[in-house]
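J.: fold the following, please.
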Amino acid sequence: MNDVLLFDEFNEGLYETISSLKNTKCLIFDLDGTLVNTIDDLARTCDFLLKNDGIRPKWTIEDYTRFVGNGAKMLVKRIYEDSLTDEELNFRYELFKKKYNEIKLDNAYIYSGVKELCNSLKARGLKLAVCTNKPCLAAVDMVERLFGKNFFDVICGAQDGIPKKPDAAMANSILKKLCLEPSDCVWIGDSPVDIESAENLGCKCIAVTWGYTSFELLHLSFPALIVDKPEDILKIFTFNIDN
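T.: Numbers count the residues shown, from 1 in each chain. From the prediction side, this is the model:
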């Protein structure tokens, strides 16, 4: 396994990796922790579930950043410490979706520089997609209200009966809609789930450090590149277009 390359450490390996992305036609973005900071409202929804059951919430924001990434049902399972039966979990999962949909934009915001990054990438002719384990209706509504309708070419969120990330099923549906191959794409995400998703799809992943996962954990998951700022991603693709 090759060493992980950091964008701010320019060397021959970094040059080769950036050059290998030259024919990229589409960027697939994770949502929570990559495009949008959503952790406060996710935490509030979880605390609501616990209080509704007469349980005093004990989890911190740091705890919730560790719990997210594998979908809302898994998040609910984790806050109850795997103590629920399947029936109890399904009931609270439905309650979670209803409550979260009511408050999901109360505190959510686009990370600084991300909207500008996306606008610049679109101007350079790249397709943009969102692939998230957030429930599909909530994901589409959030993205369209924060970024605008039709800003992204495809928005794909979790639906019951379809495998979630890191399975490649959702990402493959994006490629089918855009008539692209995995080699045409680069994945942008903030978690090991995204890095594994990219590997399962068959494309490279650029991991970002401004989300919910520490640099150390990202490094251990071996993405193609790790970047600290949205403008670093723009520099990568500007370099490839200009060279």
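J.: all helices of the protein, in order?
T.: 12-20, 39-52, 61-67, 72-79, 86-103, 114-123, 136-147, 169-178, 192-201, 215-220, 230-242 (DSSP state H).
J.: so for I162, which of the ones you listed sits nearest?
T.: Nearest to I162, of all the helices of the chain, is helix 169-178, at 5.6 Å by CB to CB. C-betas here are computed from N, CA, C, even on glycine.
J.: quick check: most distant residue from the centroid of the chain.
T.: For the chain, the largest distance from the centre (CA atoms, centre = their mean) belongs to G54, which lies 32.0 Å off.
J.: rewinding a little: please identify the deepest-packed of the helices of the chain.
T.: Ranked by average neighbour count under the criterion mean count of other CB atoms under 10 Å, the helices of the chain are headed by helix 192-201 at a mean of 23.
J.: what packs against that helix?
T.: Using 3 or more CB pairs under 8 Å, 6 or more residues apart in numbering; DSSP states H and E, the elements in contact with helix 192-201 are helix 169-178, strand 185-189, strand 204-208, helix 215-220.
J.: mean pLDDT for the ones you listed - can I get that in CSV?
T.: Shown next, in CSV, are the helices and strands packed on helix 192-201 (pLDDT from 0 to 100):
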stretch, mean pLDDT
helix 169-178, 97
strand 185-189, 98
strand 204-208, 96
helix 215-220, 92
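J.: related to what we said a few turns ago, with K99 as the reference, measure out to the residue farthest from the centre of the chain.
T.: Distance of G54 to K99, computed by CB to CB, to the nearest Å: 16 Å.
J.: now A138
T.: Using CB to CB, we find A138 at a distance of 11 Å from K99.
J.: please apply the same query to N200.
T.: 31 Å.
J.: again, but for I39
T.: Separation of I39 from K99 (CB to CB) stands at 16 Å.
J.: repeat that for D160.
T.: Distance of D160 to K99, given as CB to CB: 18 Å.
J.: circling back to that earlier point, make JSON lines from the helices of the chain and add distance to D32 to it.
T.: Shown next, in JSON lines, are these (distance: least, CB to CB, whole Å):
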{"stretch": "helix 12-20", "distance to D32": "26"}
{"stretch": "helix 39-52", "distance to D32": "7"}
{"stretch": "helix 61-67", "distance to D32": "10"}
{"stretch": "helix 72-79", "distance to D32": "10"}
{"stretch": "helix 86-103", "distance to D32": "11"}
{"stretch": "helix 114-123", "distance to D32": "13"}
{"stretch": "helix 136-147", "distance to D32": "9"}
{"stretch": "helix 169-178", "distance to D32": "14"}
{"stretch": "helix 192-201", "distance to D32": "10"}
{"stretch": "helix 215-220", "distance to D32": "15"}
{"stretch": "helix 230-242", "distance to D32": "16"}
